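Visitor: I'll drop the sequence and a predicted model, then ask my questions.
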Amino acid sequence: MKQNKFSAKNIGIAVLLAAFGVSSASADAVNLVQNGSFEQYTGNMQNHGYLYKNGTEYATLPGWTYTPNGTTTDYGFGIGQTSGEFVKNCGPIDGTYALFMQRPGTMSQTVTGLTPGEYYTYSFTYDARNAEDKKAGVQAWLDDYRLLSHTCNSQNPFHTYDVIFQATSDTAAISFKNTYDQARDSSLLVDAVSMTLAQDNPWRQSDWAADADLGISANKTYTHTLNFGQTAESKTVLDVPFKAITDNNYSDGNVTIKNSNRFGNDNDLVNLYGTENPGSQTLAKSFLYKFQEIRLDGLVPGVEYTTTLYLAAFDKNLNARRTGYVGANDGTLFAVEENFYHAENGDRSGGLVKWTGRAAEDGTLTFSFAHSSETLHIYGLSNEVTPGQTPETSGTNLLLATNFGGPNGDGYNGMAISNTVADVVNFISPAGSEKWQLRGGENAANLPKFALIQDGALRTGANCVSMMDIDTSLLAGKWIDISADLKINTLNGGGGAQYARGIGIGFSRDGVGVSKESGIGFSGLVLNPAGELMFYENALGEVKEDALISDAVAYLSEDGSAFDASEWYELDMTLAFSDDGETATLVGVGLEGSVADYSALNGLTFETTDLFAILSSSAASWNYYGLVDNVRVSEYVPEPSTWALLVLGSSSLLLLRRKGRKQTA
């Protein structure tokens with residue numbers, strides 16, 4: 001598992017998040033902090049840059065108020081340069097000076113000019129004096145948020161801390177404290193203090209007062225829906241299955257939760273929502289708290305998701321504070337005040353915290369938590385595929401993604417594919433509501449036996465075609481990449497070269513009856529039980545013997561291993577669609593693990609219709625079947641050099657992605 005950036009150092013979670021924060025403020029954003037780089041001062045500094053020492057004030061910093069802690073000798077604050085006694089050897093600073101606080105004390109400022117409801121990025125850098133065994137105890141506060149609290153050794157360069165928060169008033173109080181008191185010298189260094197409107201902010205929060213606020217819908221595509229309050233069977237929330245998380249430290253290959261505690265029944269919140277909000281009541285039953293980490297697995301690298309955390313106020317005392325911080329894959333940190341979520345009459349109420357971003361290269365989303373006052377209480381989580389996205393994977397625009405796992409990876413096991421099956425497909429664009437359909441060689445009444453969801457994958461039986469409506473006119477003039485994970489499993493061969501004995505991906509002709517032979521109207525690449533890849537074209541045929549079968553290309557691996565019918569293989573093909581979208585030419589082929597030359601298949605032409613299909617053909621019995629998972633259809637935008645290779649007739653243009661199959665629970 002690729003290490004998440006929030007677990008890179010063992011220095012305490014709050015410090016850890018700060019050290020790896022990524023500023024989202026643009027260079028030209030207006031900084032609301034006065035004298036945030038400590039370049040302005042009035043009066044005359046003393047030796048080593050002291051502005052205050054041993055009870056005597058020599059100069060001041062505009063915008064800042066200094067409060068010493070006691071009257072310890074050899075004590076003060078000031079501003080130093082990298083060549084000076086306090087800041088030397090500490091690496092680059094912002095401007096000419098950096099603040100130093102020698103021995104315990106507090107530096108504070110009230111920032112004005114905020115707009116309530118807007119999101120801001122608050123950032124600063126900090127360090128301990130880099131000399132001998134010097135240390136500094138640092139606390140940083142934003143209103144009631146204790147952002148940071150630890151004892152730091154000197155580092156080079158400065159640590160950077162960034163947090164995004166939503167303003168609740170037009171002012172914000174910020175302060176820094178040096179809390180480390182020892183007989184020997186201890187100095188805290190602070191610099192580059194900034195508060196700006198958040199740019200490209202991935203975080204949002206909103207109220208959850210009723211079911212209408214949840215935003216949960218069966219028409220959306222979810223990879224994970226988790227209910228932390230259910231201790232037994234899973235429940236549905238507004239017709240969407242939510243998986244019950246039954247343990248404080250939970251892992252099932254699809255989600256991992258580290259170091260949480262479980263609360264009992266939160267009947268008070270359930271009663272507040274009332275029976276008129278059944279979805280909210282289901283989520284509000286109970287919560288987990290004191291989280292360290294939540295990790296979601298089995299996602300598609302580069303694909304954008306929106307993750308929602310469901311929280312609620314816990315204390316009826318409006319002055320109580322339960323603050324915490326949530327960090328995400330992108331390095332951003334969000335400040336949460338849980339008790340902010342109160343109804344107008346003072347009753348407890350819920351809130352939603354949402355983050356939008358992309359899965360990591362290992363197909364995970366990881367959320368880390370830090371708590372500065374009490375804990376955050378989280379009732380559930382949902383992870384939605386963001387509609388209309390453009391993943392950051394090079395040159396692709398995701399059109400369709402299906403993992404057949406349902407919201408929880410196992411939520412649809414046993415469900416048959418017949419006519420339409422809701423929620424099985426994660427269809428993003430260019431349509432939005434079409435579902436998988438089944439066609440095969442048996443009577444329509446028996447078709448549900450032939451295609452069903454098994455262990456988070458599509459089980460496709462003999463003589464079956466599973467289809468998805470796609471308006472191919474929307475693909476006109478584009479390069480389209482189609483890929484799927486395939487396992488031959490028990491499908492067998494025989495019957496001669498004219499039979500498509502295996503699993504294929506391609507297009508089916510519309511208008512063919514459900515009781516017809518599956519090969520009629522199918523054009524695509526077919527992988528057979530021997531590991532041979534061939535092109536099967538029967539777009540105009542009435543019986544399977546009319547199909548055009550290309551010469552088979554045998555599987556060949558770089559390490560010399562043989563094709564294994566019990567293993568998963570990712571099959572990719574790239575098609576160049578005609579300007580009218582009615583035909584497509586095969587311009588790239590790839591089979592995971594294989595180094596065979598598939599160039600003989602390039603240049604073959606599909607007659608496309610409005611049906612994207614998966615073909616399975618084997619024996620006449622439904623209990624011979626193969627498996628399909630992780631179907632993806634993407635627009636592929638080749639680099640200029642790739643276009644040049646195509647013109648020159650290169651056969652090895654694509655496919656660039658060779659990732660292992662993402663397992664579903």
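Guide: Arrived safely, thanks for sending. Residues are numbered from 1 along each chain as shown.

Visitor: right, and residue 95 touches residue 35 too?
Guide: No. Residue 95 lies out of contact with residue 35 (CB atoms under 8 Å); the separation is 10.5 Å. For every residue, glycine as well, the C-beta is placed using N, CA and C.

Visitor: neighbour count for the two, which is higher?
Guide: residue 35 (16 against 13; other CB atoms under 10 Å).

Visitor: element containing the more buried one, please.
Guide: Under DSSP states H and E, no helix or strand contains residue 35.

Visitor: the closest residue to it other than its chain neighbours: how many residues sit nearby?
Guide: The spatial neighbour of residue 35 that comes closest, neighbours along the chain excluded (CB to CB, 6 or more residues apart in numbering), is residue 63 at 4.3 Å. Using other CB under 10 Å, residue 63 is surrounded by 15 other residues.

Visitor: before we move on, which element is residue 606 in?
Guide: Per DSSP H and E: strand 605-607 holds residue 606.

Visitor: listing partners with orientation, what would you give for whichever helix or strand comes after that strand?
Guide: Counting by DSSP H and E, the next helix or strand C-terminal to strand 605-607 is strand 611-617. Using DSSP bridges, the strands paired with strand 611-617 are strand 464-469 (antiparallel), strand 502-508 (antiparallel).

Visitor: output the first one as PDB, nothing but the C-alphas.
Guide: To tie it back to what came earlier, the one meant is strand 464-469. Coordinates of each C-alpha in strand 464-469 appear next as PDB, following Å, rounded to 0.1, in the frame of the first residue of the first chain:
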ATOM      1  CA  CYS A 464     -25.000 -14.200 -23.000                       C
ATOM      2  CA  VAL A 465     -24.600 -10.600 -24.000                       C
ATOM      3  CA  SER A 466     -24.900  -7.900 -21.300                       C
ATOM      4  CA  MET A 467     -25.500  -4.500 -22.800                       C
ATOM      5  CA  MET A 468     -25.500  -0.800 -22.000                       C
ATOM      6  CA  ASP A 469     -27.200   1.900 -24.100                       C
END
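
Visitor: what does that strand contact?
Guide: Contact with strand 464-469 is made by 400, 402, 417, 425, 427, 431, 434-441, 447, 450-451, 458, 460, 508, 518, 522, 610-617, 628, as judged by CB atoms under 8 Å, 6 or more residues apart in numbering.

Visitor: just the buried ones from the residues you listed, in ChimeraX syntax?
Guide: In ChimeraX syntax, the buried subset of the contacts of strand 464-469 is picked out as below (16 or more other CB atoms under 10 Å):
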select :400,402,417,425,427,434,435,436,437,438,439,440,441,447,450,451,458,460,508,518,522,610,611,612,613,614,615,616,617,628
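
Visitor: filter the contacts of strand 464-469 down to just the ones in strands.
Guide: By the criterion of DSSP state E, membership of these in strands covers 400, 402, 427, 437-440, 451, 458, 460, 508, 522, 611-617, 628.

Visitor: so how far is residue 137 from residue 56?
Guide: Using CB to CB, to the nearest Å, we find residue 56 at a distance of 24 Å from residue 137.

Visitor: out of those two, which sits in the busier spot?
Guide: Neighbours were tallied for residue 56 and for residue 137 using other CB under 10 Å; the higher tally belongs to residue 137 (18 against 10).

Visitor: partners of the helix or strand hosting the more buried one in the sheet?
Guide: Residue 137 belongs to strand 135-142 when assigned by DSSP H and E. Within its sheet, strand 135-142 is paired with strand 145-153 (antiparallel), strand 171-178 (antiparallel), according to DSSP bridges.

Visitor: would you mind writing the CA trace of the first one as CSV?
Guide: Right, the one you point to is strand 145-153. Provided in CSV are the C-alpha atoms of strand 145-153 (Å, rounded to 0.1, in the frame of the first residue of the first chain):
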residue,chain,number,x,y,z
TYR,A,145,-9.6,26.1,17.5
ARG,A,146,-6.3,24.9,18.9
LEU,A,147,-4.6,24.2,15.6
LEU,A,148,-1.3,23.0,16.8
SER,A,149,0.3,21.8,20.1
HIS,A,150,3.6,20.1,20.4
THR,A,151,7.3,20.4,21.3
CYS,A,152,9.4,20.8,18.2
ASN,A,153,13.1,20.4,17.6
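
Visitor: buried residues in it?
Guide: In terms of neighbour count (16+ other CB under 10 Å), strand 145-153 has its buried residues at 145, 146, 147, 148, 149, 150, 152.

Visitor: could you dump those residues into JSON lines and include distance to residue 126?
Guide: Shown next, in JSON lines, are these (distance: CB to CB, whole Å):
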{"residue": "145", "distance to residue 126": "16"}
{"residue": "146", "distance to residue 126": "14"}
{"residue": "147", "distance to residue 126": "11"}
{"residue": "148", "distance to residue 126": "8"}
{"residue": "149", "distance to residue 126": "12"}
{"residue": "150", "distance to residue 126": "10"}
{"residue": "152", "distance to residue 126": "7"}
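
Visitor: can you report how many residues neighbour residue 113?
Guide: With other CB under 10 Å as criterion, residue 113 counts 10.

Visitor: per-residue pLDDT of it, please?
Guide: For residue 113, the model assigns a pLDDT of 96.

Visitor: is it in contact with residue 32, as I believe?
Guide: Yes. Proximity of residue 113 to residue 32 meets the contact threshold set by CB under 8 Å, at 5.1 Å.

Visitor: report the separation between residue 555 and residue 141.
Guide: Remark: distance between residue 555 and residue 141 (CB to CB) = 62 Å.

Visitor: higher neighbour count, these two?
Guide: Neighbours were counted for residue 555 and for residue 141 using other CB under 10 Å; residue 555 has more, 21 against 18.

Visitor: for residue 330, what are phi and psi?
Guide: Backbone geometry at residue 330, expressed as degrees, to the nearest 10, gives phi -80, psi 0.

Visitor: find the nearest non-adjacent residue to it, please.
Guide: Per CB to CB, 6+ apart, closest to residue 330 is residue 357, 4.9 Å.

Visitor: name the element the one you found belongs to?
Guide: Following DSSP H and E, one finds residue 357 within strand 350-358.

Visitor: give me the sheet partners of that strand and which way each runs.
Guide: strand 203-208 (antiparallel), strand 304-312 (antiparallel).

Visitor: okay if I get these as CSV plus distance to residue 101?
Guide: Formatted as CSV, the strands paired with strand 350-358 follow (distance: least, CB to CB, whole Å):
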stretch, distance to residue 101
strand 203-208, 31
strand 304-312, 35
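
Visitor: to residue 577, which of these lies closest?
Guide: Proximity to residue 577 (CB to CB) singles out strand 304-312 among those, at 24.8 Å.

Visitor: give me the angle between the helix or strand just after that closest one and strand 350-358.
Guide: For strand 304-312, the following helix or strand on the C-terminal side (DSSP H and E) is strand 323-327. Between strand 323-327 and strand 350-358, the angle comes out at 20 degrees (axes from the mean of the first three to the mean of the last three CA atoms, to 10 degrees).

Visitor: model confidence for the closest residue to residue 569 other than its chain neighbours, exactly?
Guide: The shortest distance from residue 569 to any non-neighbouring residue, by CB to CB, 6+ apart, is to residue 592 (4.9 Å). Looking at residue 592, its pLDDT stands at 90.

Visitor: re the thing from before, comparing the strands paired with strand 135-142 by mean pLDDT, which bottoms out?
Guide: It's strand 145-153: among the strands paired with strand 135-142, that one has the lowest mean pLDDT, namely a mean of 79.

Visitor: helix or strand for residue 213, which one?
Guide: Secondary structure assignment for residue 213, by DSSP H and E: helix 211-214.

Visitor: packing partners for that helix?
Guide: When contacts are defined as 3 or more CB pairs under 8 Å, 6 or more residues apart in numbering; DSSP states H and E, helix 211-214 packs onto strand 203-208, helix 278-283, strand 350-358.

Visitor: what about the first one, average pLDDT?
Guide: The predicted model gives strand 203-208 an average pLDDT of 93.

Visitor: many thanks, we can stop here.
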